[in-house]
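Novice: I would like the atomic coordinates for the input below:
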Amino acid sequence: MPMTPEPPLTAISELPAQLQRAGWVVLDAASLASLCGLPATALPEFLPFWSDLPPDAHLLDGGRYRRRRHGCFTVDGATVVPVPPRPHWQPLQYNALHGGIERWFEPLEPALAAHPAWARLLIGLAGVASTLRGPQRWFVEAHVFRIDTTDGIGRPTPEGAHRDGVDLVAVLMVARHRVKGGETRVFEANGPRGVRFVLSEPFSVLLLDDERVIHETTPIQPLDPAQPAWRDTLVLTFRRGGFQGPPASASYRSGAENAAGTAPVGNGRAQGI
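Specialist: Have a look, this model is predicted:
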């Protein structure tokens, strides 16, 4: 089996320079905790919130391999404010597979958003976004994902290599359970260079300047087809100026019309989450 490189880690002291230079940074779990002013034991307390994720009813490739929850927040300095439930929406420009659809997902569990470490995590990462674009209010979407191998293969990024149409993307590795594959790939959006590696340490994080790079993760397969297998991540996106949404005068696809009749539950280089 070909070996996959370990992720190239960056020290916190080098984070701003690396992000400006390359458009991406990988921090280990200890560095992420330090960045957010958290003890090393804090983020692993999130793990139980991945045990009860509803299926993603909007997968247009016919798959059953993705489970998720979704929530929105604003971060302004040290103030984190939850936003009432809203759909996740991206234009076709950033998501060739699911773009133009208002996708409603079940909300984050209240206990996760109320966890003391949650606000610290958002504030710490918003600080990174501010190093890129300057201090301002950040509009944050949180995606709690489980990709499993129910169909024999699970696709973390069914849309392929993509951008998300935001300013900063943070991909936190939460857990890998009996899987192979899931290689992360980051490419210059307008150049030939790229890197590849496997995020494996729980609560290590990949940070991406979404205007400068595109990213994807290769499919996962079970190490033992007779055993359940999955890959858990937390994806946080930070966008200036507001959340993405359909133009008021534009037509767009309804998620209810594009997910095999499922109604909203209430709360080459394609692009998007």
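Novice: any weak-confidence spans in the stretch 151-273 of the chain?
Specialist: Applying pLDDT under 70 to the stretch 151-273 of the chain flags residues 248-273.
Novice: again, only this time at 50
Specialist: The stretch 151-273 of the chain contains residues with pLDDT under 50 at 249-271.
Novice: Same check on the stretch 1-150 of the chain?
Specialist: Low-confidence segments of the stretch 1-150 of the chain (pLDDT under 50): 1-2.
Novice: could you redo the last one with a cut-off of 70?
Specialist: In the stretch 1-150 of the chain, residues with pLDDT under 70: 1-4, 90-100.
Novice: check contacts around the most centrally placed residue in the chain.
Specialist: Nearest to the geometric centre of the chain sits residue 235, at 2.2 Å (Cα atoms, centre = their mean). Residue 235 makes contacts with 142, 143, 145, 169, 170, 171, 172, 273, as judged by Cβ atoms under 8 Å, 6 or more residues apart in numbering. (C-beta placed from N, C-alpha, C; glycine too.)
Novice: rerun at 6 Å
Specialist: Neighbouring residues of residue 235 by Cβ atoms under 6 Å, 6 or more residues apart in numbering: 143, 171.
Novice: how far away is it from residue 11?
Specialist: Using Cβ to Cβ, to the nearest Å, we find residue 235 at a distance of 24 Å from residue 11.
Novice: quick one: residue 211 from residue 124, how far?
Specialist: Distance, residue 211 to residue 124, using Cβ to Cβ: 21 Å.
Novice: Between those two, point out the one with more neighbours.
Specialist: Using other Cβ atoms under 10 Å, the more surrounded residue of residue 211 and residue 124 is residue 124, with 19 against 14.
Novice: That one should be in a helix, yeah?
Specialist: Yes - assessed by DSSP: H, G, I helix; E, B strand; the rest coil, residue 124 belongs to a helix.
Novice: Quick check: the residue nearest to the centre of the chain is in a strand.
Specialist: Yes - using three-state DSSP, the assignment for residue 235 is a strand.
Novice: And it, how far from residue 174?
Specialist: For residue 235, the distance to residue 174 (Cβ to Cβ) stands at 10 Å.
Novice: same check, this time on residue 164
Specialist: In terms of Cβ to Cβ, residue 164 sits 19 Å off from residue 174.
Novice: Phi first, then psi, for residue 216.
Specialist: Here is the backbone geometry of residue 216 (degrees, to the nearest 10): phi -160, psi 160.
Novice: which non-adjacent residue is nearest it?
Specialist: Distance criterion Cβ to Cβ, 6 or more residues apart in numbering; nearest residue to residue 216, sequence neighbours excluded, is residue 161 at 4.0 Å.
Novice: So what's the residue count around that neighbour?
Specialist: Per other Cβ under 10 Å, the neighbour tally for residue 161 reads 19.
Novice: Might one say that it is in contact with residue 213?
Specialist: No - the criterion here is Cβ atoms under 6 Å, and residue 161 misses it with residue 213 at 9.7 Å.
Novice: Helices of this protein, residue ranges please.
Specialist: Along the chain, counting by DSSP state H, helices occupy 15-22, 29-35, 110-113, 116-133.
Novice: Kindly reformat the ones you listed as a markdown table and extend each row with distance to residue 43.
Specialist: Putting the helices of the chain into a markdown table (distance: least, Cβ to Cβ, whole Å) gives the following:
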| stretch | distance to residue 43 |
| --- | --- |
| helix 15-22 | 18 |
| helix 29-35 | 6 |
| helix 110-113 | 12 |
| helix 116-133 | 6 |
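Novice: Right, I'll leave it there.
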